[in-house]
Structures are given as C-alpha cells and as structure tokens.
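Colleague: give me the fold of what follows.
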Amino acid sequence: MDSPPQGYRRNVGICLINPSKKIFSASRLDIPSAWQMPQGGVDEGEDPRSAAIRELREETGVSSAEVIAEVPYWLTYDFPPEVREKLKHQWGSDWKGQAQKWFLLKFTGKDEEINLLGDGTEKAEFGEWSWMSPEQIVELAVDFKKPVYKEVMTAFAPHLQ
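Modeller: Sure thing, here's the model as predicted:
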C-alpha cells in the first residue's frame, strides 16, 4: 500500500451513509460549531480499513455498517498553527497535519444504535449528530478540512446519488 507523505499523521476518515444517502456528521465537543465525519488515527501495524471500522465503533457505537468504497490514495490537510500546537501537547508528536484514507460505509442498523459516547473505550468527542447532504457536510466543516471534504464528496458522488 502506498505510504502517506512524511510528517503527516496516518488517519482514516469514515463517510457513513444511511439508506436515504444522507451522511452522518457530528458536532465536536471542543468546537460545537464544527461538524465532522468520524475519523481517527491508524495504530502501528493496523491496516486503514480495520482502523476505519474500529474508529467508527469507538466514536459512534456503530458496528452495523459495511465498507462499500474507498478513496484509493491519501488525502492530506495541514493543521493551523494553534491546532498544531494544541495537538503537539496532546499527542506528544509534532505532525504537520493528517494524511487520511477515506472509506464509504453503508449504515445497516437503526438510528438508535448511534451512541456518541461510543463503545466506551475512548473519551467522547461529539455532542450532537445528524444525517446531512454532501453540501451540508462541506459547509459545516472547519475551514482547514473543507478541501478534503470536497474531494471525498466528489470521490464518493456515484454512491451518493
């Protein structure tokens, strides 16, 4: 598998769609005005697909989902200086930004399965959640993630019709 660019944290992004082709998004507890799709780091020795399934379960409690597509290359975004500084202390590493492998998953469960406390293995990250259109996903993302979100929506567009 191709490697992410040097200096970027390996990460996965999850675009979870319901039967109506709406996309799951949640508001961050630390920045309530910022909505995002689930994402998270890839552990040492873990393949990105497994990481995506794990991160979805950890952040949303969802295990009723199946992978239906993948962006076949890494997408990157740079952290703004203040975010980079905060994360340097939190992670103990100084990353320029994140390199993400994106996966499209079809939600096969019921909305009641979604639990923003996740599976209890990690600290909660989200306050509210909603099913959104691709346009809303991009519009409500923090500015530094918008270019990646636009590219993800374009890559998965055939599945979102």
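
Colleague: can you name the next helix or strand after the helix or strand bottoming out on mean pLDDT in the chain?
Modeller: Between all helices and strands in the chain, the lowest mean by mean pLDDT, DSSP states H and E belongs to helix 81-91, at a mean of 83. Scanning forward in sequence from helix 81-91 by DSSP states H and E, the next helix or strand is strand 97-107.

Colleague: that following strand versus helix 81-91: what angle between them?
Modeller: Angle, strand 97-107 to helix 81-91, by axes from the mean of the first three to the mean of the last three CA atoms, to 10 degrees: 80 degrees.

Colleague: centre of the chain to strand 97-107, how far?
Modeller: Here strand 97-107 shows a centroid-to-chain-centroid distance of 6 Å under the convention CA atoms, centre = their mean, to the nearest Å.

Colleague: mind listing what's buried along the least confident helix or strand of the chain?
Modeller: Using 16 or more other CB atoms under 10 Å as the test for burial, helix 81-91 gives residue 87. Placement of C-beta: from N, CA and C, glycine included.

Colleague: contacts for it?
Modeller: Contact with helix 81-91 is made by 9, 79, 94, 95, 96, 97, 144, as judged by CB atoms under 8 Å, 6 or more residues apart in numbering.

Colleague: let me see the contact set for the nearest residue to residue 60 once chain neighbours are set aside.
Modeller: Leaving aside its sequence neighbours, residue 60 sits nearest to residue 114 (CB to CB, 6 or more residues apart in numbering; 5.5 Å). Contact analysis of residue 114 by CB under 8 Å, 6+ apart lists 24, 60, 61, 62, 129.

Colleague: which of the residues you listed fall in strands?
Modeller: Under the assignment DSSP state E, the contacts of residue 114 contribute 24, 129 to strands.

Colleague: list the buried residues in the longest helix along the chain.
Modeller: With DSSP state H setting the assignment, residue counts place helix 48-60 as the longest helix in the chain. Residues of helix 48-60 classed as buried: 48, 51, 52, 53, 54, 55, 56, 57, 58, 59, 60 (neighbour count, 16+ other CB under 10 Å).
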